[in-house]
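Asks: Whatever this is, show me its structure:
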Amino acid sequence: MFKYIVAASLILSSAAALPASAEEMGPGIGRISRSSNGYTAYVCTNNTSSSLTLRTGAGKDYNQIRQIPHGRNIQVLDSTGSRDGFRWFNVSYRGNSGWVRSDYVCTR
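Replies: Purely as a prediction, here's the structure:
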């Protein structure tokens, strides 16, 4: 019994001693590095000739601001869940800020 307690305490104390990293898994494939301004990602639609709608709020019922073409870089600032069941990212693109569905955002 004592062996198990010692082993458990060593595992817990060594996990707490690991350094915190600024990198974490992103929404798409790859890793992201967070900064105070969010992180850079890109639009990855199912079709290379299509685009992603930038909206005024986190949901399909909000007004459209503009279209962001497939492959374009965006700055991800924040995220939230929505009543529609999707995760939405607050992003900045060419001077416009708005919301896009997270499943069309990837990292390199």
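Asks: Could I get the full set of helices for the chain?
Replies: Along the chain, the segments classed as helices by DSSP state H run 2-16.
Asks: can you map out the strands along it?
Replies: For the chain, the strands defined by DSSP state E cover 23-25, 31-33, 39-43, 51-55, 64-69, 73-81, 87-93, 96-101, 105-106.
Asks: Would you single out the least confident of the ones you listed?
Replies: Mean pLDDT per stretch puts strand 23-25 lowest among the strands of the chain, at a mean of 40.
Asks: that older thread, mean neighbour count for the strands of the chain - can I get that in JSON lines?
Replies: Yep, even glycine has a C-beta here, placed from its N, CA and C like the rest. Converted to JSON lines, the strands of the chain look like this (neighbours: other C-beta atoms under 10 Å):
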{"stretch": "strand 23-25", "mean neighbour count": "10"}
{"stretch": "strand 31-33", "mean neighbour count": "14"}
{"stretch": "strand 39-43", "mean neighbour count": "19"}
{"stretch": "strand 51-55", "mean neighbour count": "19"}
{"stretch": "strand 64-69", "mean neighbour count": "15"}
{"stretch": "strand 73-81", "mean neighbour count": "15"}
{"stretch": "strand 87-93", "mean neighbour count": "19"}
{"stretch": "strand 96-101", "mean neighbour count": "18"}
{"stretch": "strand 105-106", "mean neighbour count": "20"}
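Asks: Pull up the distance across stretch 50-65, start to finish.
Replies: 16 Å (C-alpha to C-alpha, to the nearest Å).
Asks: Do I have it right that Tyr104 meets Thr45?
Replies: Yes. Using C-beta atoms under 8 Å, Tyr104 is in contact with Thr45, at 5.5 Å.
Asks: list residues touching both of these two?
Replies: Leu52 (C-beta atoms under 8 Å, 6 or more residues apart in numbering).
Asks: More neighbours: which of those two?
Replies: The residue with more neighbours, out of Tyr104 and Thr45, is Tyr104; 21 against 17, by other C-beta atoms under 10 Å.
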